[in-house]
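*Asks:* Pasting a predicted model and its sequence here:
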Amino acid sequence: MKTLITSGLSFLMAIVLLVSCDPNEFDKSGLGLNGAPSEGDMSFTITPKANDPFRFILRNETPSEGMVSIVWTLGNGTVLQGNQVEAYYPLPGTYDLTLTITSNNGQATSKVEPVTQTETDYSFLDSPVINFLSGGSSAVDGKTWVVDSLYRGHFGIGPADGASPDWWAANPLQKSNGGTYDDKFTIKLVEFVFDFQNNGNSYVKDYQIDNPNYSNGYTGPDESDADYIVQFTPAAATWSLTERDGVNYITLTSDKPSFFGFDYGGNYEYRIDFINEDELHLSTIGGDDNRWFNILVREGYERPVIEKPLEAKDVMDDFEGNGNIEWIQGELIKFEAISNFAPVPINESANIAIYQKGEGPFEAVTSVFEHRFDLSERNVFSMKVFMPQFNDYETECQPDWITWIPNKKLLPQVDLKLQDSKLGGDAWTTQQVRSVTLSEDQLGKWVEVTFDFSDVSDRTDFDQVVIQFGMEGHCNGGIFYMDDFMLNQ
């Protein structure tokens, strides 16, 4: 066997698309020879293509008499045919190259030692998804992403086979104390580097607290959160991109956990649900077998502010399927339509809403509208409420970190707050609040309450409604019921 290798090869591929040249015709004039080919008789050359370190000319130098086929196996899943072919190796890796010759009387295969290519043809990786992720081969420093903390749903959870955070979606800045909003995630195409900068701490789910990579885990201010802030120094990591059934997945690989947002556990493979130059929507199966969602934006990107029209539209929900309100449950244990368990005057409707709060001091239900409220003529809201007698309105409980709210008890009270959603997590600084507290003889029955905003009818910035039962600032749970919420004519 005679082999001449005139240049080293190279290339490691997760998925490779190779372009082969057309099979060359060869002389079949010796098909009647009695001899069979042998490996010792075979020879070929491997020559780099001029000015192209990623393409190689493979030429068979074996005498051609009696040959039926000449097959090159490139070691990367590609098979070419012909006396002379061109092989393309765009990524780093090691390969076994073989030549198989079949004649009229037999077959022989010749192997060479494994060959290695150390360079990457980044032009091969020129695709919209890769360029969006990393900035492409021209972005030497890669592209840096951050959590879109001002966007509702930047963190969320839903069913494993779901496409949206149906069970919970984080409100703007809801996880401000979690140590994740200052994290940076840089994706580089060169050497497929993933650089995770967390400034010393990270946010993890409670079932990750015993991970030996983390230390000094402690809960955030909201002890009902079931999430932990941990001290953690990320290690060097790489990323890879795969496609399955038309869907792209990015996988992070490192000696330590490497993740986007906060650590849900799982295998650190993220489904790319949406991507463009400025936004990256990801989801992954966490260690709890649920799907966790994460929205990132390019560092420095600011979402355009879309001014909403000022309109005197109806605002209502009767929980019978009529209305124009999309409620955001937030951290409430439950907020949903149920059958009316007390269909008596003044509320004989079939359905009502149950509002169940847990130990969180600021739990509430919210709705953001596509218009701003014109309160110049319509400025009184009303609703029917049912506050059970069985709630514990006497026990005092307040988190240690809350010192500015004197209330330590669950109260038979409902608050309606109008806010400007444009400020995200700081929307509360714009709010106007109207409160109604029921007397003892009003408990255990339906009561209609109103919220009058006529004194701020000149405000034109409200587009967000917040309903909060039980008063805020304490850690007592409770159950309440409501129906027929509306802006009166």
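*Replies:* The structure has been received and is ready for your questions.
*Asks:* Against L410, how distant is the residue nearest the centre of the chain?
*Replies:* Here the mean C-alpha position of the chain is nearest to the C-alpha of L282 (CA atoms, centre = their mean), at a distance of 2.2 Å. Taking CB to CB, to the nearest Å as the measure, L282 falls 38 Å from L410. Where you see a C-beta, it was placed from the backbone N, CA and C, and this is true even at glycine.
*Asks:* about what we covered before: correct me if wrong: the residue nearest to the centre of the chain contacts R271.
*Replies:* Yes. The criterion here is CB atoms under 8 Å, and L282 meets it with R271 at 6.7 Å.
*Asks:* Sticking with the residue nearest to the centre of the chain, tell me its helix or strand.
*Replies:* Applying DSSP states H and E as the criterion places L282 in strand 279-285.
*Asks:* which residues sit against that strand?
*Replies:* Counting by CB atoms under 8 Å, 6 or more residues apart in numbering, the neighbours of strand 279-285 from elsewhere in the structure are 132-133, 145, 148, 160, 250, 260-261, 264, 266-275, 291-298, 301.
*Asks:* Show the contacting residues for the nearest residue to D166 once chain neighbours are set aside.
*Replies:* Computed as CB to CB, 6 or more residues apart in numbering, the closest residue to D166 that is not its neighbour in sequence is G158, at 4.2 Å. Contacts for G158 (CB under 8 Å, 6+ apart) come out as S164, P165, D166, W167, N290, R291, F293.
*Asks:* rewinding a little: and the next element down the chain from the strand holding L282?
*Replies:* Next in line after strand 279-285, if elements are assigned by DSSP H and E, sits strand 291-298.
*Asks:* and the angle from that following strand to strand 279-285?
*Replies:* Between strand 291-298 and strand 279-285, the angle comes out at 160 degrees (axes from the mean of the first three to the mean of the last three CA atoms, to 10 degrees).
*Asks:* so how far is strand 291-298 off the chain centroid?
*Replies:* Centroid separation between strand 291-298 and its chain, computed with CA atoms, centre = their mean, to the nearest Å, is 3 Å.
*Asks:* With just CA atoms, put that strand into PDB.
*Replies:* Once side chains and other backbone atoms are set aside, the C-alpha atoms of strand 291-298 remain, and they are given as PDB (Å, rounded to 0.1, in the frame of the first residue of the first chain):
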ATOM      1  CA  ARG A 291     -40.900  23.200  31.700                       C
ATOM      2  CA  TRP A 292     -39.200  26.500  32.800                       C
ATOM      3  CA  PHE A 293     -39.200  29.500  30.600                       C
ATOM      4  CA  ASN A 294     -36.700  32.300  30.300                       C
ATOM      5  CA  ILE A 295     -36.600  35.500  28.200                       C
ATOM      6  CA  LEU A 296     -33.300  37.200  27.500                       C
ATOM      7  CA  VAL A 297     -32.400  40.400  25.600                       C
ATOM      8  CA  ARG A 298     -29.200  41.600  24.100                       C
END
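*Asks:* Can you pull out the residues in contact with it?
*Replies:* 143-148, 151, 153-162, 164-165, 169, 185, 260-261, 264, 270, 273, 277-286, 303.
*Asks:* Now the buried members of those.
*Replies:* By neighbour count, with 16 or more other CB atoms under 10 Å, these hold 143-148, 151, 153-158, 165, 169, 185, 260-261, 264, 270, 273, 279-286 as buried.
*Asks:* Okay, and which of the residues you listed map to strands?
*Replies:* 143-147, 155-158, 169, 185, 270, 273, 279-285 (DSSP state E).
*Asks:* Identify each buried residue in stretch 257-269, please.
*Replies:* By neighbour count, and taking 16+ other CB under 10 Å as the criterion, the buried residues in stretch 257-269 are P257, S258, F259, F260, G261, F262, D263, Y264, G265, G266, Y268.
*Asks:* ok, now stretch 287-303?
*Replies:* In stretch 287-303, residues buried by neighbour count (16+ other CB under 10 Å) are N290, R291, W292, F293, N294, I295, L296, V297, R298.
*Asks:* could I get stretch 305-317 in PDB with only the CA atoms?
*Replies:* Taking only C-alpha atoms (Å, rounded to 0.1, in the frame of the first residue of the first chain), the coordinates of stretch 305-317 have been written out as PDB:
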ATOM      1  CA  VAL A 305     -42.200  52.100  24.500                       C
ATOM      2  CA  ILE A 306     -45.500  51.800  22.800                       C
ATOM      3  CA  GLU A 307     -47.800  54.600  23.800                       C
ATOM      4  CA  LYS A 308     -51.300  53.400  24.500                       C
ATOM      5  CA  PRO A 309     -54.400  55.300  23.500                       C
ATOM      6  CA  LEU A 310     -56.500  57.000  26.200                       C
ATOM      7  CA  GLU A 311     -60.000  55.500  26.000                       C
ATOM      8  CA  ALA A 312     -63.200  55.200  28.100                       C
ATOM      9  CA  LYS A 313     -63.700  51.500  27.300                       C
ATOM     10  CA  ASP A 314     -65.600  49.000  29.300                       C
ATOM     11  CA  VAL A 315     -63.600  47.100  31.900                       C
ATOM     12  CA  MET A 316     -65.400  44.000  33.200                       C
ATOM     13  CA  ASP A 317     -65.400  40.300  34.100                       C
END
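*Asks:* and it, how far from the chain's centre?
*Replies:* Here the centre of stretch 305-317 is set off from its chain's centre by 30 Å, with CA atoms, centre = their mean.
*Asks:* Just name the shakiest helix or strand of this structure by mean pLDDT.
*Replies:* In the chain, the helix or strand scored least confidently by mean pLDDT, DSSP states H and E is strand 2-5, which has a mean of 38.
*Asks:* Beyond that strand, next helix or strand please.
*Replies:* strand 43-49.
*Asks:* Spell out the residue ranges of the helices in the chain.
*Replies:* If you assign secondary structure with DSSP state H, the helices in the chain sit at 128-134.
*Asks:* got the domain boundaries for it?
*Replies:* Structural domains annotated on the chain: 2-121, 126-298, 310-487, as defined by automatic domain parsing.
*Asks:* any idea of the mean pLDDT for the longest one?
*Replies:* Meaning domain 310-487. On average, the pLDDT along domain 310-487 is 95.
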